[in-house]
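Student: this is the structure alone, sequence omitted:
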């Protein structure tokens, strides 16, 4: 599979450049760009997995989520530059739904087919549950409610204030987890068979180099991908909402999808859960606020105000994930529940 992705990158990057210069069909370019980004994301996933072996599950999961979200952040910034506010907000929604329902669901399901019962750190799960409820239900729903009574300028001011608070709290959460309370809550992971020694695929230097080069390549391809959204949406009858929630989110989070499933198959559920939930928290508490602040430098600013379907589906995903993960255990049936929820929501956004 690694050779396949390498072949796709070797072919995809020149095709992306040629197609852009020769003005190929938007549909063909859309497919080439998406496949190339997914292949590049696989290299980002392998590099962060190598770093995770050296740094441990928490930092490894954080690294994977960070570089995985870097792809989406790059795509979103170029979309903001084009004034595609709806696509950006939809892609943020898609990230939350994709990580909590699709990534976690596939991890629980596929891992559960191999192991009847998988466990992960119950204290981390409960800590993350509180943050999820705050980040999505409090920080996303409240701006929507207040925006009904505020004018556009005040809504944007409110969004800026919330964004700054979210970023500061996210940094405080990292400081809490990685510094002041690192190693304090270790119970709850008994039974997980990941005490064996592992050798990273790549050394630290090579892994960081691959991450840097992959990120640069993704930046180039992503900028061109954004220009195909409108034409592809018209061709297939896809709404701006569907493109953002499903297509951009899946492409942008390809690295996390692959890595979380691989970790679950290896019964490393601490890493798999950290990738799925940690990535969601990073999107809600860092990526989204950063995009709000970045949008101030473009002609059209982006308030932190989602549509009602986006909010309802995100809140539903958070509550479902909190209930399922709070016991620190998973199995294939819980994965099936999460996947079923994602399919139902996906059909709804397609029809919408």
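Tutor: Good, I have the coordinates. Just so you know, these numbers come straight off a predicted model, no measurement behind them.

Student: hey, let's count contacts and neighbours off CA atoms from now on
Tutor: OK.

Student: ok, and what's touching the lowest-mean-pLDDT helix or strand in the chain?
Tutor: Least confident element among the helices and strands of the chain, by mean pLDDT, DSSP states H and E: helix 249-252 (a mean of 73). Here helix 249-252 makes contact (Cα atoms under 8 Å, 6 or more residues apart in numbering) with 34, 37-38, 68-69, 71-72, 75, 91-92, 94-95, 98.

Student: next up, the contacts around residue 332.
Tutor: Applying Cα under 8 Å, 6+ apart, one finds that residue 332 lies in contact with 108-113, 116.

Student: ChimeraX command for the buried members of those?
Tutor: ChimeraX command restricting the contacts of residue 332 to the buried ones, with burial defined by 16 or more other Cα atoms under 10 Å:
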select :108,109,110,111,112
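
Student: which of the contacts of residue 332 fall in helices?
Tutor: Of the contacts of residue 332, the ones assigned to helices by DSSP state H are 108-113.

Student: count the residues that sit near residue 157.
Tutor: Residue 157: 12 surrounding residues under other Cα atoms under 10 Å.

Student: host element of it?
Tutor: Using DSSP states H and E, the element containing residue 157 is helix 152-175.

Student: can you name the element that comes right after that helix?
Tutor: Per DSSP H and E, the first helix or strand lying C-terminal to helix 152-175 is helix 204-226.

Student: ok, and what's touching the helix or strand that that next one is followed by?
Tutor: Toward the C-terminus, helix 204-226 is succeeded by helix 229-236 as the next helix or strand (DSSP H and E). Helix 229-236 has contacts (Cα under 8 Å, 6+ apart) with 26-27, 30, 238-240, 243.

Student: one more time with 10 Å
Tutor: With contact meaning Cα atoms under 10 Å, 6 or more residues apart in numbering, helix 229-236 is reached by 25-31, 79, 84, 87, 237-244, 247-248.

Student: residue 18 against residue 24, yeah?
Tutor: Yes - Residue 18 is within contact range of residue 24, at 8.5 Å (criterion: Cα atoms under 10 Å).

Student: contacts only, for residue 113.
Tutor: Neighbour list for residue 113: 107, 265, 331-333, 335 [criterion: Cα under 10 Å, 6+ apart].

Student: what separates residue 66 from residue 296, distance-wise?
Tutor: 23 Å (Cα to Cα, to the nearest Å).

Student: also residue 23?
Tutor: 31 Å.

Student: those two: which is more packed in?
Tutor: Applying other Cα under 10 Å to residue 23 and residue 296 shows that residue 296 carries more neighbours, namely 15 against 10.

Student: now the strands for the stretch 1-150 of the chain?
Tutor: 118-119 (DSSP state E, counting those that start in this stretch).

Student: helices of that one, start to end?
Tutor: With DSSP state H, counting those that start in this stretch, the ranges of helices along the stretch 1-150 of the chain come out as 2-22, 26-55, 57-81, 85-97, 104-114, 122-132, 139-147.

Student: mind putting those helices into JSON lines with distance to residue 208?
Tutor: Below are those laid out as JSON lines (distance: least, Cα to Cα, whole Å):
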{"stretch": "helix 2-22", "distance to residue 208": "17"}
{"stretch": "helix 26-55", "distance to residue 208": "7"}
{"stretch": "helix 57-81", "distance to residue 208": "11"}
{"stretch": "helix 85-97", "distance to residue 208": "24"}
{"stretch": "helix 104-114", "distance to residue 208": "26"}
{"stretch": "helix 122-132", "distance to residue 208": "27"}
{"stretch": "helix 139-147", "distance to residue 208": "33"}
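
Student: out of those helices, flag the one nearest residue 270.
Tutor: With respect to residue 270, and counting by Cα to Cα, the nearest of the helices of the stretch 1-150 of the chain is helix 57-81 at 6.3 Å.

Student: so what touches stretch 344-352?
Tutor: With Cα under 10 Å, 6+ apart, stretch 344-352 has contacts from 94, 97, 101, 237-246, 309-310, 313-314, 317, 339-340, 342-343.

Student: now stretch 149-168: buried residues?
Tutor: In stretch 149-168, counting by 16+ other Cα under 10 Å, buried: 155-156, 158-160, 162-164, 166-167.

Student: do stretch 114-128 as well
Tutor: Within stretch 114-128, the residues scored as buried using 16+ other Cα under 10 Å are 115, 117-126, 128.

Student: for it, measure first residue to last.
Tutor: Using Cα to Cα, one end of stretch 114-128 lies 26 Å from the other.

Student: residue ranges in the stretch 1-150 of the chain under the pLDDT threshold?
Tutor: The stretch 1-150 of the chain contains residues with pLDDT under 70 at 1, 56-58, 60-61, 64, 68.
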